[in-house]
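# Any chance you can model this:
(4 chains)
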Amino acid sequence: MSVGQISIQDVVKVYDPEGAAVMAVDHCSLEIEAGEICMIVGPSGCGKTTLLNAIAGFHDITSGRITMDGEVLCSNDKPKSEPGPDRIVVFQNGALFPWKSNLENVIFGPVMQGKLARKQALEKGRAMMADAGLSGVEHNYPGEVSSGMRRRVEIVRALMNDPKALLLDEPYRALDSLTKSVMHEALLEIYYKNKVTIFFITHDLEEAIFLGHRVAIMTTRPCKPKKVLTVDIPHPRDYSVLTSKRFRELIEETNDAVHEEALKAFQAGEKEG
Amino acid sequence: MAETSIRPKIIPGEIVVEGVSKSYGATQFRKEVVQDCSFKIERAKLTVMVGPSGCGKSTLIRLLAGFEQPTEGSILLDGEPVTEPSRDRLVVFQETALFPWMTTWDNILYGPRARGELSRESLQFGEFLLNKVGLQEFRDKYPGQLSGGMQRRAELARAMINNPKVMILDEPFRGLDAMTKELMWEYYARLYEENRRTNFFVTTDIDEAVFLADRILVMSNIPTQVRAVIEVDLPRPRKLLDIFENDRANDIKKQALSILHAEAMRSFSRGSKAAADFVDAYLKRASRA
Amino acid sequence: MKKFLSSPAFWRGALSIVVFLVLWEIGARSKAWMAPEFFAPFKELLGAMGFKKDYLPWIGAVPAPSGVLKAWVAVLGQPGYWQSWYMSMFRVMGGFIAAMLIGIPFGLALAVSRVAHGIGFPTFEVLRPIPPLAWVPASIIFWPTQELAITFITFLGAFYTIVINVLGGARSIDVRYFQAAQSMGSSNWDIFRRVILPGTLPSIVVGSAVGMGITWEVVVAAEMISGGGSQQAGVGGGLGFFIWNSYVGGSYEQIVVGMISIGIAGFISSELLRWAGRYATPWLKLR
Amino acid sequence: MEAAATANGGDHAAVAVLRETTPFGEASGALLARIAALARLARYGAGARIYAPDDPADDIFVVVSGRVEHVLDPEVGAREGVKRVARGGVFGWTGLLLGQTRRMATVTALEPTEVLRLNTDDLIKLLSAEPLEGEHVLERFVSMIQREFTVPALLARVRRLSGPLTEEMSKLGLTMYRMSLWLKSPRPYLMLIGFALFLGFWYLAVEVWKLPRFREMPGPTSVVKEWLSPNPTYGLSLYTEEYYQHIIVSVWRVTKAFLLATVLGVAFGLLLGWSRAFKEYVFPVFEMLRPIPILAWVPLAIVMFIATESAVVYLAFLASFFATALNTMLGVESIDESYVRAAHCLGADRWQVFRHVIIPGSLPFIFTGLQISIGVSWFSLVAAEMVSGQYGLGYVINTSYMMVRYPTIVIGMVTLGLVGYITSAMVRIAGDYLMEWRVRELALSER
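Residues are numbered from 1 along each chain as shown, chains lettered A, B, ... in the order given. Purely as a prediction, here's the structure:
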């Protein structure tokens, strides 16, 4: 039985209940299959990140339940779960420790948990970095390599802990589109090797359909799944998918749903995030 | 209020760039950024320059805007050499250059006020532009209180009030999220199609280039040169969905992509950070093909 | 405001201040409660460590808050106390305003013209490490009156900070703003007035708030050194002199009264400046 | 096929040719001579094949006379398939490419041709012997390869002169280059004008014009004379023992105060930033005491401390402590929350997060605090010494005023400035050393 099944059941999140009582997540339910790439698409500031924070254990939830492989992460009586190496977050602006070299970053997890002695961790770390095409930059600091490479070091750092799920918060937003296309392929490559569940938040519909097995389109704030699309393009996928007919049909099918939400956010003058 | 036409009478705004080179530093630390680069920006056309990031496009923009002088070669606007910044060639920068300490309205009026040409018409024209970019309610707000998309529109209005011969845009939509970006593409295309002012648009995003351009200049890596010129004969007004389905558009995209790959390959040998990732994909795809 | 009052943070803060005062009271009174025999061995130990025997080290010598309060209430009545407030305030304001009037244009000149920077900045940097108080003797010799001498020292205290902040602020204005203004046809004066000045305003506010804090530090010492410290028959006056006088006169409670008064004066003037700053830069306080 | 002939006499001719070739042209005479010595002259008849694809790529060729045709096979996809190379032209540089040992082109002599053959490995060894210039020549080689031959499919990096030495050397080269830039720019001369103006005015005002207020002031000449004279009239100059005694006393006091403030201040600041409860309890008292000017403590300090020595050090300590604690706290609060969250995700417990994220993350702010704190401790030390010290520079300045030894006042002030500057520079250097990652990042963004 492969691992990493996440089920979100009727989750509600209200910020500052007594004061402004801003509802960020409104009775959201979503099942994410084990080993699946599930894409969450929605306009900026619609509460997607709040959902991710709840799964990761950074925020509590007002009501509802989130479980992973049957084990309760958070629920009504335990509103906040503990962050752990079974579900690791890759942050939007990156969170590699700038004061540690890339290799030191990669081995941080296992060494901290005491799972691996430093020597084995270094060996495994070098192997995984080489595997992801990062050989040669082990001893550079994150600030010295390109943003695309930093992204991949961060994903390798997560995978060093053999997590059940990767939670990605718009990881490729700041990259220019040429580098972005490269990063998509690199992520798929890593996914095919490690078959870890991926919970991926984005604004970019094209990115969602190109990468995802399933795409959940969320409403503007407070966010809940408005439409869940199954992308029946076979994996492994590569760049030619982008110009295939089926891909364009899927885009058309979901475009007006997404556009509608974007326009609502646009008019409301919703500032970024 | 009558829709005053903002189409200028005779159509100015043709830029000819001839054998331009630009380098910084001296002796062994000299860095050639632009090298023997020549191209033409046709009047009343939307020319898009696309190239890998870090390939010297911004340097070319600074040369076109007159912020810097080329080491060799010449740049002519309607026959006149470009020597210093002027209202004829206005730049919309990648990060917003709205003055944070001025309200949106004061920002828009900055040009006429600075030149002492603040007349009733320019006020009226400012009002017209403010409505056109849909920022009436945000008139007294400071730029910091506007969202990314709104800042871009305010900046376009601030440039248009000066009626420049050429609008120069340096990856203006890069910071925006994907959805707002696509909305801004259509919005910007409408703006261009209305007054057909010469526009020079720089980007790293091929989809953006294909959707917006009448003509695409595909640039090489440092030292920058024009690698290819592709005419985009798609009909106007352009709609995102039909461009997306249009096969001609896809061919143009493929053509541009293959050239850009070759460019990124070469820059890899010089260890340029930005292109390194680009090459990985090419090598993988080449090996898989 | 109501939310702040009811929040736990406020109560915890209040509690810690009360505890601090109580401890201070007990410590200061250590001479009294340590008198009985019971503490004799403890006193021997203190003596052995080189401290005075009959009270707790350090804190024992400090007057108790209750005493300080009593002294403060008594002093409030005396015109001399308020006169020293006025004298110090006058000197601080004199030095501070002079530092603003000279410092801001000097800082802007350094930022705007390369030649001015080339000439002025190295000399400025060489003189900066010399602590302002080292200038006191030289200032007394140079300036005719004591008043001017002290005001010059407060001027120096604020001047360096203001110039550094203004220079840093003007330099940090993004080049894009200049380029945008230039392309829209602004003359150099226009750019200075409508880009450089507003762009530097936030750092002018920060510089002046910090500068104000330093002037209060400096005025105290200058008054002590020139007015009292060196036992010279100067006209004296000002809170610094008030403190020194209380020390010489042996009423330690008044020393603490003087210290707290200057603390309040410094705090108020810095806050006033920060408030004025917020008012002058509305675009900084966003939604 | 290849008539190899090495003629020593040919060295001069070889140097002349090398002078004309693109990559070697800019090298210095000495390096050129050594390269020429390496070269072997070779002659080919018209139509002779010099090498073909897959031959071993051992030598680099420089055409002395005649012309060759250099044809890259189409599969390589080079921009210019066919290229004619005449005198001063270079070809056959494949050996320079990383991991490339086989030829890729066919080269035939179009007419009787003379060439210089340079073994690639020997050339690389020679160039690494002179890293600075060698690196420069190789750099030219790379840009030449870029411009004339595009070989996308082949793509390999040019073999670099590896080894730490070259990196240091190029850094040295960079600083020397910046130095030469600085000298060429008007800045140093303006600086001299600035100093001249200041000292000139001081000299004129005091010793020549004798302006009203300036009359009693000590002039620059008297100060310098006093400072440099072996037996100074007022007993204090570079030669007297006492001068250094005062300096040592002051520096030792500041060091004691600074170190104590750093240890306590950083620990206190980290706690303030790290635990919200601790901050809510303690910070109000801290903020209540902070506005009190340090120097208002002087009389109280004298009362509290029996020995004036510890009173002076206490005052310098207090000033530093507030600055360090506050900046350390700001440092902890400035750390991006996602770093803490990332560490939690990776299974680090609270203490590990503190050690591996909070402390390194707040280092930049801590060092800003330390820079301010060293300045402020000098600031307070001087005043404390002036009011109550027995030794130290502050004491010197004050007593020399009272004893009407005016030049010594200025000597004291200038010494204070120098010593203050040196100590804060040491703090900055320590900071750069500890935060190498920041230094590299800033350097990178600068380039």
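
# For chain D, see how far away the residue lying farthest from the centre of chain C is.
Most distant residue from the mean C-alpha position of chain C: C:Glu37, 45.0 Å away (Cα atoms, centre = their mean). The spacing between C:Glu37 and chain D, counted by Cβ to the nearest Cβ, to the nearest Å, is 25 Å. Where you see a C-beta, it was placed from the backbone N, CA and C, and this is true even at glycine.

# which residues of chain D fall in strands?
D:3-5, D:40-44, D:49-51, D:59-65, D:68-72, D:82-85, D:90-91, D:105-109, D:113-119 (DSSP state E).

# what residue ranges in chain A are flagged as low confidence?
A:1, A:177-178, A:239, A:266-273 (pLDDT under 70).

# picking that back up, adding mean pLDDT, write the strands of chain D out as JSON lines.
Below are the strands of chain D laid out as JSON lines (pLDDT from 0 to 100):
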{"stretch": "strand D:3-5", "mean pLDDT": "40"}
{"stretch": "strand D:40-44", "mean pLDDT": "84"}
{"stretch": "strand D:49-51", "mean pLDDT": "83"}
{"stretch": "strand D:59-65", "mean pLDDT": "84"}
{"stretch": "strand D:68-72", "mean pLDDT": "79"}
{"stretch": "strand D:82-85", "mean pLDDT": "76"}
{"stretch": "strand D:90-91", "mean pLDDT": "82"}
{"stretch": "strand D:105-109", "mean pLDDT": "83"}
{"stretch": "strand D:113-119", "mean pLDDT": "85"}
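
# So which of these is nearest B:Thr180?
strand D:68-72 (47.4 Å; Cβ to Cβ).

# Check which helices and strands that closest one sits against.
Counting contacts by 3 or more Cβ pairs under 8 Å, 6 or more residues apart in numbering or on different chains; DSSP states H and E, strand D:68-72 packs against strand D:82-85, strand D:105-109.

# Please save the CA atoms from the shortest one in CSV.
Included here for strand D:82-85 are C-alpha records, laid out as CSV according to Å, rounded to 0.1, in the frame of the first residue of the first chain:
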residue,chain,number,x,y,z
VAL,D,82,34.2,26.1,-43.5
LYS,D,83,36.9,28.6,-42.3
ARG,D,84,40.1,29.7,-43.9
VAL,D,85,42.9,30.5,-41.5
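
# List the buried residues of that strand.
Along strand D:82-85, these residues count as buried under the neighbour rule (16 or more other Cβ atoms under 10 Å in any protein chain shown): D:83, D:85.

# With distance to chain A as extra columns, can I get the helices and strands packed on strand D:68-72 in JSON lines?
Below are the helices and strands packed on strand D:68-72 laid out as JSON lines (distance: least, Cβ to the nearest Cβ, whole Å):
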{"stretch": "strand D:82-85", "distance to chain A": "31"}
{"stretch": "strand D:105-109", "distance to chain A": "29"}
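
# do you know which of those lies nearest D:Ile411?
strand D:82-85 (71.4 Å).

# Can you get me a residue count around residue 66?
All of this is about chain A. 21 (other Cβ atoms under 10 Å in any protein chain shown).

# sorry, should have said chain D
By other Cβ under 10 Å, 19 other residues sit near D:Gly66.

# Surely it is in contact with D:Gly89?
No. The pair D:Gly66 / D:Gly89 is not scored as a contact, 10.7 Å apart, by Cβ atoms under 8 Å.

# Go over the secondary structure and confirm B:Lys141 is in a helix.
No. Counting by DSSP: H, G, I helix; E, B strand; the rest coil, B:Lys141 is not found in a helix; it is coil.

# Enumerate every residue touching the closest residue in space to it that isn't next to it in sequence.
Excluding the flanking residues, the one nearest B:Lys141 by Cβ to Cβ, 6 or more residues apart in numbering or on different chains is B:Thr104, at 5.8 Å. Each residue near B:Thr104 by Cβ atoms under 8 Å, 6 or more residues apart in numbering or on different chains is listed here: B:98, B:130, B:135, B:138-143, B:146, B:154.

# Check B:Thr104 and give its pLDDT.
pLDDT recorded at B:Thr104 is 93.

# Check the gap between the nearest residue to C:Pro8 once chain neighbours are set aside and D:Gly265 for me.
Once flanking residues are discounted, C:Pro8 sits nearest to D:Glu280: 7.2 Å by Cβ to Cβ, 6+ apart. Separation of D:Glu280 from D:Gly265 (Cβ to Cβ, to the nearest Å): 20 Å.

# So for those two, which sits in the more crowded spot?
Higher neighbour count among D:Glu280 and D:Gly265: D:Gly265, with 26 against 18, using other Cβ under 10 Å.

# Which parts of chain D belong to which domain?
Listed by automatic domain parsing, the domain ranges of chain D are D:6-169, D:218-446.

# Check these for me and report the most buried one.
Ranked by mean neighbour count, the domains of chain D are led by domain D:218-446 with a mean of 20 (mean count of other Cβ atoms under 10 Å in any protein chain shown).

# So what's the gap between that domain and the chain middle?
24 Å (Cα atoms, centre = their mean, to the nearest Å).

# pLDDT on that domain, on average?
On average, domain D:218-446 scores 87.

# got a markdown table for the domains of chain D, with distance to B:Ile61 too?
Below are these laid out as a markdown table (distance: least, Cβ to Cβ, whole Å):
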| stretch | distance to B:Ile61 |
| --- | --- |
| domain D:6-169 | 23 |
| domain D:218-446 | 20 |
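
# Which of these sits closest to C:Ser203?
domain D:218-446 (16.0 Å).

# Counting neighbours, what do you get for C:Pro8?
9.

# typed the wrong thing, it's B:Gln124
12.

# if I look at it, how far off is C:Ile150?
From B:Gln124 to C:Ile150 the distance is 59 Å (Cβ to Cβ).

# and if you look at C:Ile262?
C:Ile262 is 14 Å from C:Ile150, by Cβ to Cβ.

# what does the stretch 1-150 of chain B have sitting close to chain C?
For the stretch 1-150 of chain B, the residues in contact with chain C (Cβ under 8 Å from any Cβ of the partner chain) are B:65-67, B:84-87, B:89-91, B:93, B:95, B:97, B:99-102, B:110-111, B:114-115, B:142-145.

# Narrow these to those in helices?
B:65, B:110-111, B:114 (DSSP state H).
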